[in-house]
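Undergrad: need coordinates for the below:
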Amino acid sequence: MRVNEWPSEQAKRIPDTAFLVTGGESISYAHAEEMISREAGHVRAVIEPGELVGVVAESTVEAVITMLAVPRAGGILLPIGTALTGSEIAELCRRFDAKLVEPLGLDGPEIEPHETDASRPVAVFSTSGSTGEPKGVVLTAGNLLAAADASASFLGHRSGDRWLAVLPLNHVGGFSILTRSVHVGGTVVLERRFDPERTASLLHDVEFASFVPNMLSRLIPYAEGPFERLRTVLVGGGPLPPGLLEQANDLGIPAVPTYGATETAAQVATGRPGARAVTPLPGVAIGIDHGEIVVEGPMVSSGYWRQTPRVGPYRTGDAGMMDDEGKLVVLGRLDDMVITGGENVYPAEVEAVLSQHPQVVDVVVTGVDDQRWGRTLRAVVVAPTVDEAELAAWARDRLAGYKVPKLWSLVDRIPRTDLGKPKRSEQ
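TA: Numbering: from 1, shown residues only. Okay, the predicted model is just below:
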């Protein structure tokens, strides 16, 4: 199946199967195909072939139809986050030289899909590098198809399965739920926003779901099993607090760790219930080079928009190790690593230990300059009923001395991104 023809093949094979279910509305594959074809006619009338096309990636039928129509019209999709202001959207489009298209101008004629092949760019995802400057990760038709195939093979994802989508669609983790589902003929249960109580109730009606750790933590208080349909819940996008997966599994939620990046079209390694290490998906090769995780496979992007293509495996910037069974253990970001007194410390490890304290609501650990040690650790903690001395004692009992933060800040809240990742630069 060619990406520019999604979901025409499924519309012929399973026309009455739901592609999207959202807000009490169900859109069949046949109806989605008709809408996408007409939307592609509208898009083709206002863009040039190969042009980058910005679409505000709301979790709505209209936005999904437009995003899938862009490659059919010959454009390259640039999904845009819904939290951006009008001026920020304009600046992003200017920076990437993209044309902004409003969803659902269904006045276009139905068209034949624009010709494509595996090497043709289909989407560009804006992601901030270590400098904070946005880079555009280019994903081709071949990348997206390989990613969908590998995920389906590993998870047993098949036609008719329902996948709960609450992740933002401008991130590859959210967008990949669309591409995986349309590839196998599955149904996307699309929520406009994440509501913990409603999300917990929807787990009774789906086979799959994808969350970042913060989402899973927030929905657990509302989870009431058994979840008879639910087969796998992927949890990734950030460090896993100790005990989170076990807590979910005790409630009957089959939560597993998953690992990937925008540059790998999302998921490339996933664990099994109860395991923290992850296993590479079919067709994925993962190695460790000087402590850094490197990935090879047909789903891996060749590089960034209007930059020289990468040569060799993708260097993730993540620290990791392979265990005795050949599974991957992710330690954290290399650029987050703090060298204090000549010792290497990964903040994620310290955060994991502190988050086990029963009174700690949230925590982030960063490195700060120190005259004596070169760098030292600072812990920013949301824990209303404890003081710094108790937290430090907790850490000393569980960590080597050099890993215990020397600076502590007790705060009311920790700024996080829309995916729940801490904004370390704002701590």
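
Undergrad: ok, the nearest residue to Ile339 once chain neighbours are set aside to Asp117 distance?
TA: Nearest residue to Ile339, sequence neighbours excluded (Cβ to Cβ, 6 or more residues apart in numbering): Arg375, at 5.8 Å. Backbone N, C-alpha and C define where each C-beta goes, glycine included. Using Cβ to Cβ, to the nearest Å, Arg375 is found at 49 Å from Asp117.

Undergrad: try Ala30
TA: In terms of Cβ to Cβ, Ala30 sits 27 Å off from Asp117.

Undergrad: looking at Arg375 and Asp117, which one has more neighbours?
TA: The neighbour comparison of Arg375 against Asp117 (other Cβ atoms under 10 Å) goes to Arg375, with 16 against 11.

Undergrad: just the CA trace of the one helix or strand that one maps to, in CSV.
TA: Arg375 is part of strand 374-382, with elements assigned from DSSP states H and E. C-alpha atoms of strand 374-382 as CSV (Å, rounded to 0.1, in the frame of the first residue of the first chain):
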residue,chain,number,x,y,z
GLY,A,374,32.6,21.6,38.7
ARG,A,375,28.9,20.7,38.4
THR,A,376,26.5,19.5,41.1
LEU,A,377,22.9,18.3,41.3
ARG,A,378,19.8,20.4,42.1
ALA,A,379,16.5,18.8,42.8
VAL,A,380,13.3,20.7,42.2
VAL,A,381,10.5,18.9,44.0
VAL,A,382,6.7,19.2,44.5
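
Undergrad: quick one: what helix or strand has Ile339 in it?
TA: Using DSSP H and E, Ile339 falls in strand 338-340.

Undergrad: need the contact partners of that strand.
TA: Contacts to strand 338-340, defined as Cβ atoms under 8 Å, 6 or more residues apart in numbering, come from residues 344-347, 366-367, 370, 373-377, 402.

Undergrad: out of these, which end up buried?
TA: Among these, those scoring as buried are 345-347, 366-367, 370, 373, 375-377, 402 (criterion: 16 or more other Cβ atoms under 10 Å).

Undergrad: so Arg57 touches Phe175, yeah?
TA: Not quite, residue 57 is Ala, not Arg. Yes - at 7.4 Å, Ala57 counts as touching Phe175 under the criterion of Cβ atoms under 8 Å.

Undergrad: does the residue nearest to Ile339 touch Pro347 like I think?
TA: No - applying Cβ under 8 Å as the test, Arg375 and Pro347 come out as separate, 11.2 Å apart.

Undergrad: what do the two both touch?
TA: Residues touching both Arg375 and Pro347 (Cβ under 8 Å, 6+ apart) are 338, 367.

Undergrad: circling back to that earlier point, which of Ala57 and Phe175 has more neighbours?
TA: Each of Ala57 and Phe175 has its neighbours counted (other Cβ under 10 Å); Phe175 has more, 26 against 23.

Undergrad: how about that one: what's its closest non-neighbour residue?
TA: Leaving out its chain neighbours, the residue that sits closest to Phe175 by Cβ to Cβ, 6+ apart is Leu169, at 5.4 Å.

Undergrad: residue ranges with poor pLDDT in the stretch 1-150 of the chain?
TA: 1-5, 105-116, 128-133 (pLDDT under 70).

Undergrad: geometric centre of this structure: which residue is closest?
TA: Against the mean C-alpha coordinate of the chain, by Cα atoms, centre = their mean, the closest residue is Gly173 at 2.9 Å.

Undergrad: for His157, see how far away that one is.
TA: In terms of Cβ to Cβ, Gly173 sits 15 Å off from His157.

Undergrad: pretty sure the residue nearest to Phe175 is touching Leu178, no?
TA: Yes - applying Cβ under 8 Å as the test, Leu169 and Leu178 come out as touching, 7.1 Å apart.

Undergrad: overlap of the contact sets of these two?
TA: What both Leu169 and Leu178 touch, as defined by Cβ under 8 Å, 6+ apart, is the set 64, 67.

Undergrad: torsion angles phi and psi at the residue lying farthest from the centre of the chain?
TA: When distances to the mean C-alpha position of the chain are computed (Cα atoms, centre = their mean), the maximum falls on Arg372, with 39.0 Å. The phi/psi pair for Arg372 (degrees, to the nearest 10) reads phi -80, psi -50.

Undergrad: tell me where this protein has helices.
TA: 8-13, 29-44, 61-72, 86-96, 141-155, 172-184, 196-202, 213-219, 244-250, 347-354, 388-396 (DSSP state H).

Undergrad: with distance to Val311 added, can I get those in CSV?
TA: Output for the helices of the chain, formatted as CSV (distance: least, Cβ to Cβ, whole Å):
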stretch, distance to Val311
helix 8-13, 34
helix 29-44, 34
helix 61-72, 26
helix 86-96, 23
helix 141-155, 17
helix 172-184, 22
helix 196-202, 42
helix 213-219, 34
helix 244-250, 37
helix 347-354, 30
helix 388-396, 43
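
Undergrad: and of the ones you listed, who's closest to Pro134?
TA: Nearest to Pro134, of all those, is helix 86-96, at 6.6 Å by Cβ to Cβ.

Undergrad: break the chain down into its structural domains.
TA: The chain breaks down by automatic domain parsing into domains covering 3-331, 337-426.

Undergrad: so, low pLDDT: which residues of the stretch 301-427 of the chain?
TA: 418-421, 423-427.

Undergrad: rerun at 80
TA: Within the stretch 301-427 of the chain, the stretches with pLDDT under 80 are 335, 342, 371-372, 416-427.

Undergrad: picking up where we left off before, could I get the contacts of strand 338-340 as JSON lines with distance to Gly185?
TA: Shown next, in JSON lines, are those (distance: Cβ to Cβ, whole Å):
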{"residue": "Asn344", "distance to Gly185": "47"}
{"residue": "Val345", "distance to Gly185": "47"}
{"residue": "Tyr346", "distance to Gly185": "41"}
{"residue": "Pro347", "distance to Gly185": "42"}
{"residue": "Thr366", "distance to Gly185": "45"}
{"residue": "Gly367", "distance to Gly185": "48"}
{"residue": "Asp370", "distance to Gly185": "57"}
{"residue": "Trp373", "distance to Gly185": "57"}
{"residue": "Gly374", "distance to Gly185": "56"}
{"residue": "Arg375", "distance to Gly185": "52"}
{"residue": "Thr376", "distance to Gly185": "54"}
{"residue": "Leu377", "distance to Gly185": "49"}
{"residue": "Tyr402", "distance to Gly185": "53"}
